[in-house]
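# here is my input; please provide its structure:
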Amino acid sequence: MSNWELKQCANPTALAEQGAAEMVAWAASSPVPINVAVSGGRIAKDFFSGVLRIALTRKQSLAHVHFFWADERCVPPDHAESNYRSAAESLFMPLGLQPQNIHRIRGEDDPEHAAREAQTELCRFASLNAAGQPVLDLVLLGMGEDGHVASLFPGEAEDALSSPVVYRAVTASKPPPRRITLGYPAIAAARQVWVLASGAGKEAALRQSLASPGRTPLARVLKDRTQTRIFTDIAL
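Sure, this is the predicted structure:
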């Protein structure tokens, strides 16, 4: 039996819409506060816009959702490359979410310090598993053309791949290079992980990730988990 669930969507708009609808429905079903880590990218911005529209249409409050980040670029929060800025403009500010529910990574600070502070903040809100990893309720990931997720890129050394730190500073293979990312153990510990894989140029990476043995960063995420949901408009 596969440890991933594939949700085939007709196009990027349908992908963002379906993911957003499932996110709002899932959040509505929780009677307690929930912790969600989000990512950046074009499809994430479309997803945030969908969540906003659906939440407003259904009059569904997201006041019990605490937002963290799967990764962030080492830039100020008002920078065009900031993952925080994308989410804030597309979802948080229009929805009127309270600042105490938004736990951004301070990309403007020293990366190592910012990673430690992000880890401390997440561990204040999420319960820890037996390995000491915070258990996020949901991690939302995109996927790059090389199969990277969050800011976990191909080619890392094994000691980095298996590092138990929750957040770590990395140098990416695409600009902007300095970033902070959740590590593989933290993603593996999440109750749910949803991947938004959009764009024909990513077909090879997605196929490689789903094949056995896959060697992309997404493949490693899938291998480390018992179940991962993948929304895609890529014909497989």
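
# what stretches of this structure score poorly on pLDDT?
Applying pLDDT under 70 to the chain flags residues 1.

# again, only this time at 90
1-2, 41-42, 173-174, 200, 212-213, 236 (pLDDT under 90).

# which residues in it form strands?
Ranges of strands within the chain are 4-8, 34-38, 65-69, 71-73, 138-142, 167-171, 178-182, 193-197, 228-232, based on DSSP state E.

# and the first one with strand 228-232, angle?
This points to strand 4-8. 20 degrees (axes from the mean of the first three to the mean of the last three Cα atoms, to 10 degrees).

# give the buried residues for strand 4-8.
Neighbour counts over strand 4-8 (16 or more other Cβ atoms under 10 Å) mark W4, L6 as buried. C-beta: built from backbone N, CA, C; applies to glycine.

# extract the C-alpha trace of it and format it as PDB.
Output in PDB follows, covering the C-alpha atoms of strand 4-8 (Å, rounded to 0.1, in the frame of the first residue of the first chain):
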ATOM      1  CA  TRP A   4       1.000   8.800  -0.200                       C
ATOM      2  CA  GLU A   5      -2.400  10.000  -1.500                       C
ATOM      3  CA  LEU A   6      -2.600  11.700  -4.900                       C
ATOM      4  CA  LYS A   7      -5.300  14.300  -5.500                       C
ATOM      5  CA  GLN A   8      -5.300  15.000  -9.300                       C
END
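
# next, the angle strand 193-197 makes with that strand.
Going by the same axes, to 10 degrees, strand 4-8 makes 40 degrees with strand 193-197.

# in TSV: the strands of the chain, plus distance to R124.
Converted to TSV, the strands of the chain look like this (distance: least, Cβ to Cβ, whole Å):
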stretch	distance to R124
strand 4-8	31
strand 34-38	10
strand 65-69	10
strand 71-73	18
strand 138-142	18
strand 167-171	13
strand 178-182	16
strand 193-197	22
strand 228-232	26
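
# can you check which of those gets nearest to Q98?
Minimum separation from Q98 across those (Cβ to Cβ) falls at strand 65-69, 10.1 Å.

# list the helices and strands the closest one packs on?
strand 34-38, helix 83-87, helix 111-125 (3 or more Cβ pairs under 8 Å, 6 or more residues apart in numbering; DSSP states H and E).

# show me where the protein has its helices.
For the chain, helices defined by DSSP state H occupy the ranges 12-28, 42-57, 83-87, 93-95, 111-125, 158-161, 184-189, 203-210, 217-224.

# save the ones you listed as TSV, and put in mean neighbour count and distance to S151 too.
What follows is the helices of the chain, written out as TSV (neighbours: other Cβ atoms under 10 Å; distance: least, Cβ to Cβ, whole Å):
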stretch	mean neighbour count	distance to S151
helix 12-28	19	20
helix 42-57	19	13
helix 83-87	23	10
helix 93-95	14	24
helix 111-125	17	11
helix 158-161	10	12
helix 184-189	23	12
helix 203-210	19	16
helix 217-224	22	9
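
# and A197, which of those helices is closest to it?
helix 203-210 (5.3 Å).

# if you compare the directions of the closest one and strand 4-8, what angle comes out?
150 degrees.

# so which elements touch helix 203-210?
If contacts are counted by 3+ Cβ pairs under 8 Å, 6+ apart, helix 203-210 sits against helix 217-224.

# and the helix it packs on, what does it pack against?
Against helix 217-224 (3+ Cβ pairs under 8 Å, 6+ apart) you get helix 184-189, strand 193-197, helix 203-210.

# same list, those, but as a markdown table with distance to V38 please.
Converted to a markdown table, the helices and strands packed on helix 217-224 look like this (distance: least, Cβ to Cβ, whole Å):
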| stretch | distance to V38 |
| --- | --- |
| helix 184-189 | 13 |
| strand 193-197 | 10 |
| helix 203-210 | 20 |
